[in-house]
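Q: Here is my input; please provide its structure:
(one chain, ligands or ions: 2)
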Amino acid sequence: MTVKDIEVRPLTSALGAELLGVDLSKPLSNKEFDSIHRAFLDHQVIFFRDQQLTPEQHLAFARKFGELDIHPFAAGLEGHPEILPIVKEADDHTSANFGGSWHSDVTFYEKPALGSILYALDVPKTGGDTLWANMYLAYETLSDGLKQTLDGLKAVHNASRAYGLNSRTTQRHQEGADISMQVRASEEAEEEVTHPVIRTHPETGRKLLFVNANFTRRFVGWSEKESEPLLSFLWEHCTQPAFTCRFRWQKGSIAFWDNRCTQHLALNDYHGQRREAHRVTVCGDKPY
Ligand SMILES: O=C(O)CCC(=O)C(=O)O
Ligand SMILES: [Fe+2]
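A: Numbers count the residues shown, from 1 in each chain. Ligands and ions are numbered 1, 2, ... in the order given. Here you go, the predicted structure:
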């Protein structure tokens, strides 16, 4: 039997590619795994259409890439704690959605995620797209002067803005967000970790910008007030449209992003419609 080649169709010049000719519910051959892994490293986020996965098949695909994470603040699926249902109900009128501002996932960990595999189960008729941005490009397009400055810096990250006692999560609870997802606020979110501002990707060896507006608080040795202007510049720089792609979901679509070298944003433009996607997150390494 010959294995059909996987077709890789880039989505934009910046990042993203759709992979055709794969059924992720089946065990992958080594050749298929290698092609998917190659496309993942080359394009930073890869997409599949028309998949039908049980929770077990979703987990099995993710485990090919590493150990799986359990989100510390958002509740997993009953019986499958490694599956995080990302839900917004049609009658959820709260002000924010999960992942609704530019970020990379869980950079408040000592070892932030390698990547996540998000599988759409229910999608709005229009809206609810997700955007990704390429952090290699964000680094490479800086001036030599700023590259040099940032190369010597580390940054402090924590989860307090998202999950601390005075966070968006607390505000959303007051607005009644519990109808869609169970997310808890906790003082554990204050715990700080530090990462290099410029990180080297452990598989590609390329340098990239590794700060994000959700979880990065300040540069090590700088106050928040001193850090703010340079960080603000970086947020604007790294999410400029030319560095992004935008994915329109259908039921059965999957996105698998490299969380080490991308940021993403889930648009909240489908009020009154329901959206549900299941995320499985693969653990990563300590950034260097
Ligand atoms: O719902 C989405 O499209 C993405 C949400 C998000 O930020 C995530 O799953 O990490
Ligand atoms: Fe996210």
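Q: Would you mind naming what in the stretch 101-250 of the chain lies close to ligand 2?
A: By Cβ under 5 Å from the ion, the residues of the stretch 101-250 of the chain that approach ligand 2 are Asp105. Every C-beta, even on glycine, is put in place using the N, C-alpha and C of the backbone.
Q: how near is the residue in the stretch 151-288 of the chain that ligand 1 sits nearest to to Pro27?
A: Among the residues of the stretch 151-288 of the chain, Ala266 lies nearest to ligand 1; the distance is 3.4 Å by Cβ to the nearest ligand atom. When distances are taken as Cβ to Cβ, to the nearest Å, Ala266 and Pro27 turn out to be 30 Å apart.
Q: follow-up on the earlier one: now the residue of the stretch 151-288 of the chain closest to ligand 1: closest residue in space, sequence neighbours ignored.
A: Gly99 (3.9 Å; Cβ to Cβ, 6 or more residues apart in numbering).
Q: What ranges does the stretch 101-250 of the chain have for its helices?
A: Counting by DSSP state H, counting those that start in this stretch, the stretch 101-250 of the chain has helices at residues 135-140, 144-151, 160-163, 168-175, 224-238.
Q: JSON lines for those helices, including distance to Thr281 and mean pLDDT?
A: Formatted as JSON lines, the helices of the stretch 101-250 of the chain follow (distance: least, Cβ to Cβ, whole Å; pLDDT from 0 to 100):
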{"stretch": "helix 135-140", "distance to Thr281": "18", "mean pLDDT": "98"}
{"stretch": "helix 144-151", "distance to Thr281": "27", "mean pLDDT": "98"}
{"stretch": "helix 160-163", "distance to Thr281": "15", "mean pLDDT": "91"}
{"stretch": "helix 168-175", "distance to Thr281": "18", "mean pLDDT": "73"}
{"stretch": "helix 224-238", "distance to Thr281": "22", "mean pLDDT": "98"}
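Q: want to throw these into a markdown table with mean neighbour count and distance to Ala60?
A: Putting the helices of the stretch 101-250 of the chain into a markdown table (neighbours: other Cβ atoms under 10 Å; distance: least, Cβ to Cβ, whole Å) gives the following:
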| stretch | mean neighbour count | distance to Ala60 |
| --- | --- | --- |
| helix 135-140 | 21 | 29 |
| helix 144-151 | 13 | 39 |
| helix 160-163 | 22 | 29 |
| helix 168-175 | 16 | 31 |
| helix 224-238 | 15 | 34 |
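Q: can you redo these as JSON lines with distance to ligand 1?
A: Shown next, in JSON lines, are the helices of the stretch 101-250 of the chain (distance: least, Cβ to the nearest ligand atom, whole Å):
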{"stretch": "helix 135-140", "distance to ligand 1": "15"}
{"stretch": "helix 144-151", "distance to ligand 1": "25"}
{"stretch": "helix 160-163", "distance to ligand 1": "10"}
{"stretch": "helix 168-175", "distance to ligand 1": "13"}
{"stretch": "helix 224-238", "distance to ligand 1": "16"}
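Q: of all those, which lies closest to Gln273?
A: Judged by Cβ to Cβ, the one of these that comes nearest to Gln273 is helix 168-175, at 18.4 Å.
Q: give me the number of residues near the residue in the stretch 101-250 of the chain that ligand 1 sits nearest to?
A: Minimum separation of the stretch 101-250 of the chain from ligand 1 (Cβ to the nearest ligand atom) falls at Thr130, amounting to 3.7 Å. Look at Thr130: counted by other Cβ atoms under 10 Å, it has 21 neighbours.
Q: In contact with it, which residues?
A: Contacts here follow Cβ atoms under 8 Å, 6 or more residues apart in numbering; on that basis Thr130 touches 99, 118, 246-247, 249, 255, 264-267.
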